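Enquirer: Build me a model from this:
(chains A and B)
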Amino acid sequence: MAGLATTFGSGAMTNSISEIRHSDCIFIIGSNTSENHPIIGLEVIEAVKNHGAKLIVADPRGISMTDFADIWLRLKPGTDTALINGLLNIIITEQLADFDFIQSRTEGFDEVRKMVEQYTPETVSRITGIMTEDLRSAARLYATSDKAIILYAMGITQHVGGTGNVIALANLAMATGHIGKEASGVCPLRGQNNVQGACDMGALPNVFPGYQPVDDDKTRDKFEAAWKTELPAAPGLTLVEMMHAAEAGSIRGMYIMGEEPALTDPDSLQVANALKKLDFLVIQNIFLGETGKYADVVLPGASFAEKDGTFTNTERRVQRIRQAIRPVANSRPDWKIITSISRSLGYAMPYSHPCQIMEEAAKLTPIYGGISYERLEQGGLQWPCRNLQDPGTKYLHEESFTRGRGQFTPVRYEPAGEAPDDNYPVNLTTGRNLYHWHGGSISRQSPGLNEICPEGRAEINPEQAAELGCETGDIIELYSPKGKIYARVEVSEKSPPGMVFMPFHFRESPVNQLTSDILDPVAKIPGLKICPVNLRKAKL
Amino acid sequence: MAKIQLTIDGNEVLAEEGSSILEAAREAGIEIPHLCYMDNLPSSGSCRLCVVEVEGIKNLVTSCSTPATANMVVKTATEKVIRARKTVIELLLSDHPFDCMTCEQSGRCELEKYAYELNVTGSRYDGDKHNYSVDASNPFFIRDYNKCILCGRCVTACKQIQHIEAISFINRGFDCKIAAAYDRSLRESNCIFCGQCLAACPTGALVEKSRIGAGRTWELEKTTTICPYCGVGCSIELHTKNDRIVNVTPASGESVNNGRLCVKGKFGWDFVHSPERLETPLIRTGEKGEGKFRTASWEEALELVASRLADIKSDSGPDSLGFLSSAKCTNEENYLFQKFARAVIGTNNIDHCARL
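Expert: Model prediction:
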């Protein structure tokens, strides 16, 4: 998010899902689309099979999308920035850039042009392991297509250089003018049902709802007037920083709603230690989970089927969720619980239905200004939607970027902070699969999904398997300086030699006990896609 | 698109050039019965139920696969047409179980619907009946080939909508059936359990296990909402009875997913009724991390939370408290939670797992 916010002024997906099939060239990088966003994966296949679109996939793994690709750029893990800069080098050298667009809509191009000079196809080929011819074909295809769209996900952002990767992609889109048009843009695919909404609504340490900075005096005045209280000006701590602070003792109490950090966060053993140290921990969730075990008080929340409200999807579309059944047992909708605690603390939150909360949020959040439950009955609305007449926004940055001119920013390729070495020679990359979701907190509670996909297997290449002397179904030990776990092996050509892929859904093989929480310095996203580990056949 | 004019059942009708007779009629508000045809997909014209009479053509034509042409004169419900349709239904019923009284699809079954509309009460055709055993080998749905009418909609859906091609027709004649490669189980095939075949099936041949015995179709309440899994935001319909979800289907009408779902959206909802759900507030009794709790009333739990938050705030300041909100909760809940952290407690220590 931070990357796109720097270059465009807004961190959200620039285009709509329905535009994908109208694109002439789709460039997927760091997204296992058909497993993590299956319906978007179908739109891509639709584009390729029925609308003549060309597909470029950059991924170390042979994911399903590579089956449909015209060009598969099988890069070495963690070399994305080099790849993207290399594509831009070819585009500039071969005069394929859109200089009109660069001149009229952007700034800072010269610096980027100079910076990418060193990323010659030969250099980039050496770094990424991709043949120069493939680099050239991909660059030409992307640059010369009329409409080209980039789709990316955590495979790009969950690196210590994640923000840089995103900026590099934005540079590429701006240099070719593939932004601000229908079916042309840069699209981060958000992983969770309402991660976009949680960001939009200000569940972030530095901004109020609508990305309005907490350290801006005028903004704070507005919220102080509306909320009738004084508000703190200094940005707060991020999730990983909070865990460090808890460990250090400067955070003494936490209130965790609907999250499972003891499973999904990097270096999860340290998270458990941090939670143990707290003087007071409240967990509000529908399941106890791993995190709940450390709680002093557990509050049972209601699931999506038991309450009214809205979710905002990856394409900025605010959509209604509707109560279908009464809250299970003695559980309560989260919004009701928050209002009760607030009342006990002497601050009235007199809402009787979520629509009143949205009404208040819309008044204070310009990009949600036109959102109302009444309008949402007719279907979802895509923000920015500034007033009740505003039909919403299908794609962003049409006439100008949110920040005015698009900002070219040079980003250099830095080899991953934690590179494999003799002791830990294998790259572990974590992710999701089709049948489960995130920490498994809900999908693991689904008997059917569990029956089809009961465990998280360590996917390794046949070459690696031969070295270890194991085959599919055998149990191996994976260890890093942070810890060790056991998992069954799945021998597959999907993973290249020197790489092991593991889903992070399974508490039985908690892969985040191996990962490090070294953060991207800007977005503060952990580098979960590269983690040097070693493997050995388990002695049973 | 150019428009053409034709006559359907005596009405002058304008239709888009290239549309089928069935589509042209539908545009004019005339619904022609059909079983194998699916909206916006290539039609096979195999079920023969949609036959109509066209002036100047001797035989009846299948309206789903015959293009409408200018000045065509179409009759959709003549005696000849009705007789043909009745025969089609009778032939289908000649090899179909008459267990509608317990069939989960009753009330939504298209074969039942057309048999009723055409007043077909039985079949004049005797002959062999299939006696397949019901395939319950996957956790999500049963496959009862005795109720399959071989319309091929599941095959089309799998291939054209989900691009998977896990199933196809195998064998010929009376032995023809729908199967995965080598007639193996779906779990041994490339099936991804998206349930698109169930959405396409007109009869009770494919039925979600969760529906069995859980309520008649007409007893279920339907609520349109959004899938709780990934960030695509697919529209789903929850079918519920007595505060329990019985089934999930893709919502009808225009949406992000336009009638498609993945395995999580279609079948992953049962976590809602998991026995592991937290049912009441809990207060810790054991060591931290041990997971030992006693149950508490809401009043007691909320009071404890409020007083402990207040104590820590007054002892160590608001920034000694941290708040983690949730990408699973609603916008309204996220808004309230950050308002609570900022306005009620007085800290910006609020985040969620956007980065994970």
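Enquirer: isn't B:T285 right up against B:G291?
Expert: No - B:T285 is beyond contact range of B:G291, at 10.2 Å (criterion: CB atoms under 8 Å). In this view, the C-beta of every residue, glycine as well, is placed from N, C-alpha and C.
Enquirer: Neighbour count for the two, which is higher?
Expert: Set side by side, B:T285 and B:G291 show unequal neighbour counts under other CB atoms under 10 Å in any protein chain shown, the larger going to B:G291 at 16 against 9.
Enquirer: all helices of the stretch 101-250 of chain A, in order?
Expert: With DSSP state H, counting those that start in this stretch as the criterion, the stretch 101-250 of chain A has helices at A:109-116, A:121-128, A:132-144, A:154-157, A:162-175, A:195-200, A:217-227, A:239-248.
Enquirer: got the end-to-end distance for stretch A:223-234?
Expert: 15 Å (CA to CA, to the nearest Å).
Enquirer: Could you check that stretch against chain B for contacts?
Expert: Yes - under the criterion of CB under 8 Å from any CB of the partner chain, chain B is reached by stretch A:223-234 at A:223, A:227, A:229-232, A:234.
Enquirer: what's the offset of that stretch from the middle of its chain?
Expert: Stretch A:223-234 has its average C-alpha position 30 Å from the chain's average C-alpha position, going by CA atoms, centre = their mean, to the nearest Å.
Enquirer: For it, give me every contacting residue.
Expert: Contacts of stretch A:223-234 with the rest of the structure, by CB atoms under 8 Å, 6 or more residues apart in numbering or on different chains, involve A:208, A:212, A:214-215, A:217, A:220, A:347, A:360, A:363-364, B:318-319, B:339, B:342-344, B:346-348.
Enquirer: again with stretch B:2-10
Expert: Surrounding stretch B:2-10, the residues in contact under the criterion CB under 8 Å, 6+ apart are B:12-17, B:21, B:24-25, B:28, B:30, B:68-77.
Enquirer: can you tell me the average pLDDT over stretch A:463-479?
Expert: The average pLDDT within stretch A:463-479 is 92.
Enquirer: burial count for residue 166?
Expert: Going with chain A. The burial count assigned to A:V166 is 32, neighbours taken as other CB under 10 Å.
Enquirer: my bad, the chain I had in mind was chain B
Expert: Counted with other CB under 10 Å, the burial measure for B:A166 works out to 21 neighbours.
Enquirer: Look up phi and psi at it.
Expert: Torsion angles at B:A166 (phi, psi; degrees, to the nearest 10) stand at phi -80, psi -30.
Enquirer: so it touches B:C154, yeah?
Expert: No - counting by CB under 8 Å, no contact exists between B:A166 and B:C154, whose distance comes to 9.7 Å.
Enquirer: Output the longest helix belonging to chain B.
Expert: Looking only at chain B and at elements set by DSSP state H, the helix with the highest residue count is helix B:298-316.
Enquirer: can you pull the buried residues of that one?
Expert: Within helix B:298-316, the residues that qualify as buried are B:298, B:301-302, B:304-306, B:308-309, B:312-313, B:316, counting by 16 or more other CB atoms under 10 Å in any protein chain shown.
Enquirer: if I pick B:F323, what's in contact with it?
Expert: Listed by CB under 8 Å, 6+ apart, the contact set of B:F323 reads A:254-257, B:337-338, B:340-341, B:345, B:347, B:349-351.
Enquirer: count of neighbours near the closest residue to A:N387 other than its chain neighbours?
Expert: Taking CB to CB, 6 or more residues apart in numbering or on different chains as the measure, A:N387 lies nearest to A:G370, with 4.8 Å between them; neighbours along the chain are not counted. Taking other CB under 10 Å as the criterion, the count of residues near A:G370 is 20.
Enquirer: Just the pLDDT for A:D517.
Expert: The predicted structure lists A:D517 with a pLDDT of 68.
Enquirer: any idea how far chain B is from the residue nearest the centre of chain A?
Expert: Compute the mean C-alpha point of chain A, and by CA atoms, centre = their mean the closest residue is A:M154, 4.6 Å away. If you measure A:M154 against chain B using CB to the nearest CB, to the nearest Å, the figure is 8 Å.
Enquirer: same question, A:R332
Expert: Per CB to the nearest CB, A:R332 is found 7 Å from chain B.
Enquirer: Now do the contacts for the nearest residue to that residue once chain neighbours are set aside.
Expert: Take A:R332 and drop its neighbours on the chain: the residue closest to it by CB to CB, 6+ apart is A:A302, 6.1 Å away. Under the criterion of CB under 8 Å, 6+ apart, the contact partners of A:A302 comprise A:286, A:327-328, A:331-334.
Enquirer: Need the residues you listed in a markdown table (columns: pLDDT, neighbour count and secondary structure).
Expert: As requested, those are arranged in a markdown table below (pLDDT from 0 to 100; neighbours: other CB atoms under 10 Å in any protein chain shown; DSSP: H, G, I helix; E, B strand; the rest coil):
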| residue | pLDDT | neighbour count | secondary structure |
| --- | --- | --- | --- |
| A:I286 | 96 | 26 | coil |
| A:P327 | 97 | 21 | coil |
| A:V328 | 96 | 21 | coil |
| A:S331 | 97 | 24 | coil |
| A:R332 | 98 | 19 | strand |
| A:P333 | 97 | 22 | coil |
| A:D334 | 97 | 28 | helix |
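Enquirer: Please identify which pair of those lies farthest apart.
Expert: By the measure CB to CB, these have their two most distant members at A:V328 and A:D334, which lie 13.5 Å apart.
Enquirer: wait, isn't B:L35 in contact with B:E110?
Expert: Yes - taking contact to mean CB under 8 Å, the distance of 6.0 Å between B:L35 and B:E110 places them in contact.
Enquirer: So which of these two has more stuff around it?
Expert: Just comparing B:L35 and B:E110: by other CB under 10 Å the higher neighbour count belongs to B:L35, 24 against 18.
Enquirer: how much space between the closest residue to that one other than its chain neighbours and B:Q160?
Expert: In space, B:L35 comes closest to B:C47 once its chain neighbours are excluded; the distance is 4.1 Å by CB to CB, 6+ apart. Using CB to CB, to the nearest Å, we find B:C47 at a distance of 17 Å from B:Q160.
Enquirer: So for the two, which residue has more residues nearby?
Expert: For B:C47 versus B:Q160, neighbours defined as other CB under 10 Å are more numerous around B:C47 (24 against 17).
Enquirer: Show me how the chain divides into domains.
Expert: Reading this off chain A. What the record gives for chain A is the domain set A:2-189, A:195-382, A:426-537, from automatic domain parsing.
Enquirer: I was after chain B.
Expert: According to automatic domain parsing, chain B is divided into the following domains: B:3-77, B:220-277, B:282-351.
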